[in-house]
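Trainee: What follows is a predicted protein model with its sequence.
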Amino acid sequence: MILVELQENSPRFQSFVAEESNKGRRMNLDLLEEARDHARINSEALKRRVELRHKTKMKPRQFKVADLVIRKAHPY
């Protein structure tokens, strides 16, 4: 709660119970590790999908000595 709410008799201040607030905070901390694991799994799955799409769209090329290649494309 912010200080303004503590000075005035707001409904939130009147219904505030410290024990319930601490209990809810501990429950959120317990679920935090699970949420982090879920986010890590989603991130890895996204990386794999991007990698798979890149590999399927990319054309494999093999260059030999004396092949002509563009080292740097210029806009002009």
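Mentor: Received, thanks. Only a predicted model underlies this, so the values are computations on that prediction, with no experimental measurement involved. Numbers count the residues shown, from 1 in each chain.
Trainee: pLDDT wise, what is residue 6 at?
Mentor: pLDDT, the model's per-residue confidence, is 58 for residue 6.
Trainee: where do the helices sit along the protein?
Mentor: With helices called from DSSP state H, the chain shows them at 3-7, 11-14, 18-57.
Trainee: Any idea which of the ones you listed gets closest to residue 68?
Mentor: helix 18-57 (24.3 Å; CB to CB). Every C-beta, even on glycine, is put in place using the N, C-alpha and C of the backbone.
Trainee: And that closest one, how far out from the chain middle?
Mentor: 7 Å (CA atoms, centre = their mean, to the nearest Å).
Trainee: and if you look at stretch 45-59?
Mentor: With CA atoms, centre = their mean, you get 19 Å for stretch 45-59.
Trainee: Could you identify which of the helices of the chain has the lowest mean pLDDT?
Mentor: The bottom spot among these, by mean pLDDT, belongs to helix 3-7, with a mean of 59.
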